[in-house]
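*Asks:* Have a look at this prediction, sequence included:
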Amino acid sequence: MSRSYWVTMLCVMACLAGFAMAATALPANTGPEVFDKIDADAASGVLSAEEAVLYKFYYGFDQSQLPAEYRPSSFSPMKNATALIAEYLERQDELSPRTIEIIESFLARPREATQDRATYISPTGFFLLTYQTSGVDAVPLTDVNPANGIPDYVEKIAGYCDYSQDFECNILGFDTPPHSPYYYIYFESMDYYGYTSAVGLNGSNITLHNNFLGFPPNDDPEGNQWGAAKVTVAHEFKHASQRAGSRWSEGGWVEVDATWMEDIAYDYVNDYYNYLPYGSPISSPTTSLDSGGSGSYEDCVWQHWMSETWGNQMILDLWIWRKTHQSQAMLASYNQILINYGSSITIGWPIFTAWNYACGPIKAIPGFGYGEAANYPNSPNFQTFTTYPSVSTASVNYLATRFVRCRTFSTSPGTVNVTFDGQNGTQMALTAIVRKTDNTGVLERIPLDGNNDVANFALSVPRQLITEVGFSMSNGSTSGTAVTYTLTVGQADMVYQPAITLSDAFFEPEMIPNETASDVLTVSNTGDPGTTLHFDITVQDGGAWLAVAPLTGDVPQGSSLPVDLDYDTAGMAPGSYPASLVLTHNAPGSPTTVPVNLTVVVDPAALADGQAHGVFRIAGAYPNPFNPLTTIALTLPRESTVTVDVVDLNGRLVRTVWQGSLAAGPHSFPWDGRDDAGRMVAAGTYFARLHSAGQMSTTKMILAD
């Protein structure tokens, strides 16, 4: 529909009963069938184009003028008055003066001055309600609550108007429409709930149904009549606010927003449930969100998803944005607001479609998705799988999705596995909606590679905890043609495996010659119940200094086995001696290697006796570990200019202990655990370094807590 229409004419609300039934279930001569017949007869030449337009207006405003074959069998309010007025504007130059006169009289009727016309100012003084007390457009005249000369119907409507203005503008912050001093409300007998007319650049007035009797059911405790009236006022006043801010530059998206407002303003009425069974993203997920050029009434869940995820402020931000971006495509505006909130259409679309899957008495999951999901219609399944593996191959439109429902999995421990082949270069996404056996839900976004593929991906929820899984194959592109995919769903039994856990990842013993010491490596089986971990140990690069026992073992699940490492440095010269324990086992990740790096240092007693003057090296630090003081011992074979410093694990300088000339022989320097600024450093591992003319020797030191 053209932007000029939204700027210059009516923004018509509809809450259609006929659209709350499937086309195949509609009774003869309902509103949609009548309009279909008019269009078909115009196409075949039975009716002229002018007659077709006029008959549609007769349907909405004066059905007595319709030939019998075009009359509905019962009251059936229509939702497509918007398209009707757009068609009238497009064809106006082709219509006869008499037809234009008739149509204009329908649109002008509520504002005509008549003898039985009366007015009422709402309690807040914001609204002036003009109503008829007799004739076709007369309101119900009951005047008992209170009996004050004003029809109760008019007073109730005035109260709904005051509430909607206060809630939408003062509480939520949406634009207040122009009023000088009043905003005008009219009443009319018609087959629409109401409509909003443009006045001037950004003004408007509202026409409401004159009694709301016989309208579709809702959940209002006061009855269907008052529920319909409440949401109509909220809906139409949102149109007035839109007009004030962005001048209806959004096309049919204004209906998405106004229908959303019905539920925000009057959450308990739920009249919008009547739209959802037909054409909504829930009931028609394979139809693009903007099918026909924009969203419409039934697409209100698009804004429900946003406001229930990020709050009503997000929708207010959208309409603030629209005031300065009226020429921007509405989908681009939605995308920008989503980006501002850390998402986007592409990112959010798979989540939105997952919410739409989990709807209705059958598929809603408590605490998952929409707050009212259980009251929404059941989403349709493109396919239902009960045997595995099963394959689905299909295509999906842009801003649409397909649902596959998977049930009857084995209850034995295992996994549900997914393979997906999506069309390359597209915005496809695969989302799993998992209903668990405790009736909670999990949404799992299945990662696809750069070609929109994934092979044998196991869902995170174990199969034995799954009641059913829904898959949403969504296309988050905002335009383009349908894209193809193949989904394969399978299941696999649990393979019970042991798991190896070691007490230490490495050993670094530091010893003096002719000394013995030992460590213990604890091998644990942390795998699945009932498994036994078997391991064999091979010592690589080790000499007589390292003895390991036992070299083989079996460890039941939940148990551990100690492996002794015995060191003996008899006859060994100072230096580094690397070795490795290689554990071959029946757990995933075999083999596992544990480095054992022995450092033999000079005996301090030998240094004191002057027995090791010929070695350039740091002999060690004593005590080690220490807190807060240790002594760094070193020897020099000749007089040298040297630096003795301390660095951390990342090689960053902590403290320069000595820098200058030293004579040949043994030397020692204390370090008190402080850096060059005199600050105490954190507990941990440090290295003392001796370096001079290209030579370096280091030793590890541990500053204890």
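*Replies:* Perfect, I can see it now. Numbering: from 1, shown residues only.

*Asks:* Average pLDDT for stretch 180-187, rounded please.
*Replies:* Average pLDDT, stretch 180-187: 95.

*Asks:* tell me which residues of it are tucked away?
*Replies:* Within stretch 180-187, the residues that count as buried by 16 or more other CB atoms under 10 Å are Tyr182, Tyr183, Tyr184, Ile185, Tyr186, Phe187. All C-beta atoms are positioned from the backbone trio N, CA, C, and that covers glycine.

*Asks:* Specify which member of the residues you listed is nearest to Gln225.
*Replies:* Checking the buried residues of stretch 180-187 against Gln225 by CB to CB gives Phe187 as the nearest, at 13.7 Å.

*Asks:* which SSE is that closest one in?
*Replies:* strand 183-188 (DSSP states H and E).

*Asks:* hmm, who's touching that strand?
*Replies:* 61, 109-111, 126-132, 137, 139, 157-158, 161, 165, 177, 205-210, 240 (CB atoms under 8 Å, 6 or more residues apart in numbering).

*Asks:* Output whatever helix or strand comes next after that strand as CSV, restricted to C-alpha atoms.
*Replies:* Moving toward the C-terminus from strand 183-188, the first helix or strand encountered (DSSP H and E) is strand 194-199. Taking Å, rounded to 0.1, in the frame of the first residue of the first chain, the C-alpha atoms of strand 194-199 are listed here in CSV:
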residue,chain,number,x,y,z
GLY,A,194,-12.9,1.3,14.3
TYR,A,195,-10.6,3.5,12.2
THR,A,196,-8.4,6.5,12.6
SER,A,197,-8.6,9.4,10.1
ALA,A,198,-5.8,11.8,9.2
VAL,A,199,-6.3,15.5,9.9
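
*Asks:* Which positions within strand 194-199 qualify as buried?
*Replies:* Residues Gly194, Tyr195, Thr196, Ser197, Ala198 are the ones in strand 194-199 that count as buried (16+ other CB under 10 Å).

*Asks:* and the helix or strand that that strand is followed by, what other elements does it pack with?
*Replies:* With elements assigned by DSSP H and E, the helix or strand that comes after strand 194-199 is strand 203-209. Using 3 or more CB pairs under 8 Å, 6 or more residues apart in numbering; DSSP states H and E, the elements in contact with strand 203-209 are strand 183-188, strand 194-199, helix 224-246.

*Asks:* which stretch of helix or strand covers the most centrally placed residue in the chain?
*Replies:* By CA atoms, centre = their mean, the mean C-alpha position of the chain lies nearest to Ile351, the distance being 4.7 Å. Here Ile351, judged by DSSP H and E, is contained in helix 345-357.

*Asks:* what's next to that helix, contact-wise?
*Replies:* Helix 345-357 is contacted from outside by 281-282, 285, 301-302, 305, 309, 331, 334-335, 338, 363, 369-370, 373, 379, 399, 401, 403, 427, 429-431, 433, 443, 445, 470, 472, 474-478, using CB under 8 Å, 6+ apart.

*Asks:* those helices in the stretch 201-350 of the chain, which residues are they?
*Replies:* Here the stretch 201-350 of the chain has its helices, by DSSP state H, counting those that start in this stretch, at 224-246, 253-265, 301-310, 313-323, 330-340, 345-357.

*Asks:* Which residues does the helix or strand following the last one contact?
*Replies:* It stands for helix 345-357. Note on helix 345-357: by DSSP H and E, the next helix or strand toward the C-terminus is helix 360-363. The contact list for helix 360-363, computed with CB under 8 Å, 6+ apart, reads Ile282, Tyr357, Ala373, Ala374, Tyr376, Pro377, Asn378, Ser379, Arg405, Gly470.

*Asks:* so what's the fifth one closest to, chain neighbours aside?
*Replies:* Spelled out, that is Tyr376. Nearest residue to Tyr376, sequence neighbours excluded (CB to CB, 6 or more residues apart in numbering): Cys359, at 4.1 Å.

*Asks:* burial of that neighbour, as a residue count?
*Replies:* With neighbours defined by other CB atoms under 10 Å, the count for Cys359 comes to 26.

*Asks:* my guess is it meets Gly369, correct?
*Replies:* Yes. The pair Cys359 / Gly369 is scored as a contact, 7.2 Å apart, by CB atoms under 8 Å.

*Asks:* could you list every residue that touches Asp41?
*Replies:* Contacts of Asp41 (CB under 8 Å, 6+ apart): Leu47, Ala52.

*Asks:* Please tell me how far it sits from Phe57.
*Replies:* Asp41 is 16 Å from Phe57, where distance means CB to CB, to the nearest Å.

*Asks:* How about Cys300?
*Replies:* In terms of CB to CB, Cys300 sits 27 Å off from Phe57.

*Asks:* more neighbours, these two?
*Replies:* Just comparing Cys300 and Phe57: by other CB under 10 Å the higher neighbour count belongs to Cys300, 24 against 21.

*Asks:* how deep is the closest residue to the more buried one other than its chain neighbours tucked in, by neighbour count?
*Replies:* Among residues not flanking Cys300 along the chain, Thr259 sits closest, at 3.8 Å (CB to CB, 6+ apart). If you count neighbours by other CB under 10 Å, Thr259 ends up with 28.

*Asks:* Pull up the per-residue confidence for Thr259.
*Replies:* 95.

*Asks:* Provide a list of residues in contact with it.
*Replies:* Residues counted as contacts of Thr259 (CB under 8 Å, 6+ apart) are His235, Tyr272, Tyr275, Tyr297, Glu298, Cys300.

*Asks:* Do a quick rundown of the strands in the stretch 1-150 of the chain.
*Replies:* Along the stretch 1-150 of the chain, the segments classed as strands by DSSP state E, counting those that start in this stretch run 11-13, 117-121, 127-132.

*Asks:* looking at those strands, which is buried most?
*Replies:* With neighbours defined as mean count of other CB atoms under 10 Å, the strands of the stretch 1-150 of the chain peak in mean count at strand 11-13, which reaches a mean of 28.

*Asks:* Which positions in stretch 261-274 come out as buried?
*Replies:* By neighbour count with 16+ other CB under 10 Å, stretch 261-274 contains the buried residues Met261, Glu262, Asp263, Ile264, Ala265, Tyr266, Val269, Asn270, Asp271, Tyr272, Tyr273, Asn274.

*Asks:* ugh, wrong one, I meant stretch 353-362
*Replies:* For stretch 353-362, by 16+ other CB under 10 Å, it's Thr353, Ala354, Trp355, Asn356, Tyr357, Ala358, Cys359, Gly360.
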